[in-house]
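Participant: Have a look at this prediction, sequence included:
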Amino acid sequence: MMADSPYWNPYLETLPRERLRALQLAKFKRIFQWAWEHSRFHRSLYDAAGIAPADIRTFEDIRRVPKVEKSMMRDIQGKDPFPYGDALCVPLEEVSAFRQTSGTTGRPVYQPDTWQDWEWWAECWAFILWAQGYRPGDRVFIPFGYNIFVAFWAGHYAAEKLGCEVVPGGVLDTQARILKIQELRATAMMATPTYVLGMADTAKNKMGIDPAALTIDKITCAGEPGASIPSTKRRMEQAWNAKVYDHAGATEIGAWSFECQAQPGGMHVNEAFFLVEIEDLQTGEIIEEPGRRGKMVITALDRHAQPCVRFDAKDVIEWDERICECGRTFRLVKGGVVGRADDITKVKGVLLAPAAIEEVVRGIEGLGDEYEVVVDRPGDIDRITLKVELMPGAENRVAEIEAQLKDQLRLKTNLGYKLEFHDYGRLPRYEVKARRFKDLRKQH
Amino acid sequence: MQELKQLEEIDRDIRRLKEIAGRLKAAQPEFPALVRNADRILASTKMLELNVCDLLDLAAE
Ligand SMILES: [Zn+2]
């Protein structure tokens, strides 16, 4: 009976929009009050802006609340209460878990959580996993090196919470993980898109095991936007003969979005637990209407030890005008997270989103999953080099593949590229987050 | 309507649970197994509040 419910919370997930908005506003007031009362960092930020809890009455008022940048979080850390500093809202002895950001864009940020925050993390993930069809009876394999990063820890606990059996695939190597999936007939797994493809490659080409013949029927991706890039999703789904679902979250935010079983070409924002605002990249104006890209400003409405209130997340997203057929009233972000405000750089005066390149490369048969993009400026003009791998057997089709690649790149990104073809296996492989985009111009 | 009545009952039980767990946590401060387990129940109770009580309290019709 329970397993028949399409929703983890049938009330919250189908709440009429105006009630959902009322809930968000009330919860924003509550978390703002909490941060204002308990965090010296937040209090001084809000005092300087002349804003206090009584000033928050409408969504318009929320827009006046100063944003928190990652760099601000870096600055307060390492101080007392050590090592978190002034944004800590609870006595240090109530902190039950340490995590840190991956530091892809600079010095890592520490994140304290209390046991209640940890329950909350798992709760957010329970919404995700239930929406993606995880049920009691699933055997969930997690092929991930559990460590100081939050990734998949919460997925692990959420899977347990909703009644699945969890197999922690911690420090096993890729081949051992594949054998364990085979041995235990695991039905689901969670990994980065890079690793989902990498595992399939190892199984097929090093072990002679067809991953599509294994028993995995659903895969939850996180850490990178691949599961929302149609060609990457297709490659993963075909390789594993499984449904692949996207999810986006972050250490200092929480697990804020998920793709549902309807696979609507985007992700639902969990609007009962998060308030997502989209801000125009140039003007800073808040974008309400669908179809316009901007960067995400997000509030975790129920996180307490180190609150996340109007955090400038730098994820580039846009609202989808469609209502999902799954029945959830949580809004969709179209195509998932389409990039990072830091990554979407101007090349030759044109905005370049690395995800668009990935969509092209993985949409072409004969090319491997790996690629690398290097932007430099040898003279006065930007140059983009795209390195790709030819699959074994495709060597005699180079000219045809090259023409196809050039056309598609021109069409999808409006730019010309210097193309480099490499033998299969020559480009770097990544286990967690890939770094396939290199902008060398900043060094000149 | 019946669903709402049922939710209101659930809501009352969650509040009762919170009160009882809070009492247990404070009952004997020198009894770690009591304090810490009651504390964990409180954290789980908070998740019930987020899922049910907030819905009734904050998502006004
Ligand atoms: Zn949906």
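Facilitator: Alright, I've got the coordinates. Numbering: from 1, shown residues only, chains lettered A, B, ... in the order given.

Participant: residues touching residue 58, list them.
Facilitator: Looking at chain A here, since you left the chain open. residue A:25 (Cβ atoms under 8 Å, 6 or more residues apart in numbering or on different chains). In short, each C-beta sits where N, CA and C put it, glycine included.

Participant: that's the wrong chain, I meant chain B
Facilitator: Neighbours of residue B:58 in contact, by Cβ under 8 Å, 6+ apart: A:22, A:23, A:26, A:27.

Participant: Contact distance from chain B - what residues of the stretch 151-300 of chain A qualify?
Facilitator: A:272, A:273 (Cβ under 8 Å from any Cβ of the partner chain).

Participant: Under the pLDDT cut-off, which ranges of the stretch 151-300 of chain A? List them.
Facilitator: Counting by pLDDT under 70, the stretch 151-300 of chain A contains no low-confidence residues.

Participant: all strands for it, in order.
Facilitator: A:165-168, A:188-191, A:218-221, A:243-245, A:247-250, A:254-258, A:266-269, A:274-279, A:294-300 (DSSP state E, counting those that start in this stretch).

Participant: can you pull the buried residues of the second one?
Facilitator: For strand A:188-191, the buried set under the neighbour-count rule, 16 or more other Cβ atoms under 10 Å in any protein chain shown, comprises A:188, A:189, A:190, A:191.

Participant: picking up where we left off before, between the strands of the stretch 151-300 of chain A, which one is closest to residue A:336.
Facilitator: Closest approach to residue A:336 among the strands of the stretch 151-300 of chain A (Cβ to Cβ): strand A:266-269, 5.1 Å.

Participant: Give me the residues contacting that closest one.
Facilitator: Contact with strand A:266-269 is made by A:131, A:228, A:246-248, A:256-260, A:276, A:320, A:324, A:328, A:330-337, as judged by Cβ under 8 Å, 6+ apart.

Participant: just how off-centre is that strand within its chain?
Facilitator: Centroid separation between strand A:266-269 and its chain, computed with Cα atoms, centre = their mean, to the nearest Å, is 11 Å.

Participant: That one: partners in the sheet, and parallel or antiparallel?
Facilitator: strand A:254-258 (antiparallel), strand A:332-334 (antiparallel) (DSSP bridges).

Participant: Format those strands as TSV; extra columns: mean neighbour count and distance to residue A:71.
Facilitator: Listed next are those as TSV, based on neighbours: other Cβ atoms under 10 Å in any protein chain shown; distance: least, Cβ to Cβ, whole Å:
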stretch	mean neighbour count	distance to residue A:71
strand A:254-258	28	20
strand A:332-334	23	25
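
Participant: so can I have TSV of those showing distance to the ion?
Facilitator: Below are the strands paired with strand A:266-269 laid out as TSV (distance: least, Cβ to the ion, whole Å):
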stretch	distance to the ion
strand A:254-258	9
strand A:332-334	7
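
Participant: picking that back up, wait, which of the strands of the stretch 151-300 of chain A is closest to residue B:32?
Facilitator: Of all these, strand A:165-168 comes closest under Cβ to Cβ, at 27.8 Å.

Participant: Mind giving me the packing neighbours of that closest one?
Facilitator: Packing partners of strand A:165-168 (3 or more Cβ pairs under 8 Å, 6 or more residues apart in numbering or on different chains; DSSP states H and E): strand A:139-142, helix A:153-161.

Participant: For those, state which one has the densest average packing.
Facilitator: Ranked by mean neighbour count, the helices and strands packed on strand A:165-168 are led by strand A:139-142 with a mean of 24 (mean count of other Cβ atoms under 10 Å in any protein chain shown).

Participant: send the alpha carbons of that strand over as PDB?
Facilitator: Output in PDB follows, covering the C-alpha atoms of strand A:139-142 (Å, rounded to 0.1, in the frame of the first residue of the first chain):
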ATOM      1  CA  ARG A 139      19.000  -3.300  -3.200                       C
ATOM      2  CA  VAL A 140      21.000  -0.100  -3.700                       C
ATOM      3  CA  PHE A 141      24.600  -0.200  -4.500                       C
ATOM      4  CA  ILE A 142      26.700   2.900  -3.800                       C
END
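
Participant: what pairs with it, and is each one parallel or antiparallel?
Facilitator: The strands beside strand A:139-142 in its sheet (DSSP bridges) come out as strand A:165-168 (parallel), strand A:188-191 (parallel).

Participant: Now find how far off-centre the last one is within its chain.
Facilitator: Per Cα atoms, centre = their mean, the displacement of strand A:188-191 from the mean C-alpha position of its chain is 14 Å.

Participant: In the chain, where's the longest helix?
Facilitator: If you meant another chain, say so; for now it's chain A. helix A:17-38 (DSSP state H).

Participant: meant chain B actually
Facilitator: Max-length helix for chain B by DSSP H is helix B:2-27.

Participant: hmm, the helix or strand that that one is followed by touching chain A?
Facilitator: As assigned by DSSP states H and E, the chain's next helix or strand after helix B:2-27 is helix B:32-48. Yes. Residues of helix B:32-48 are located near chain A by Cβ under 8 Å from any Cβ, namely B:39, B:40, B:42, B:43, B:44, B:46, B:47.

Participant: Perfect, that will be all.
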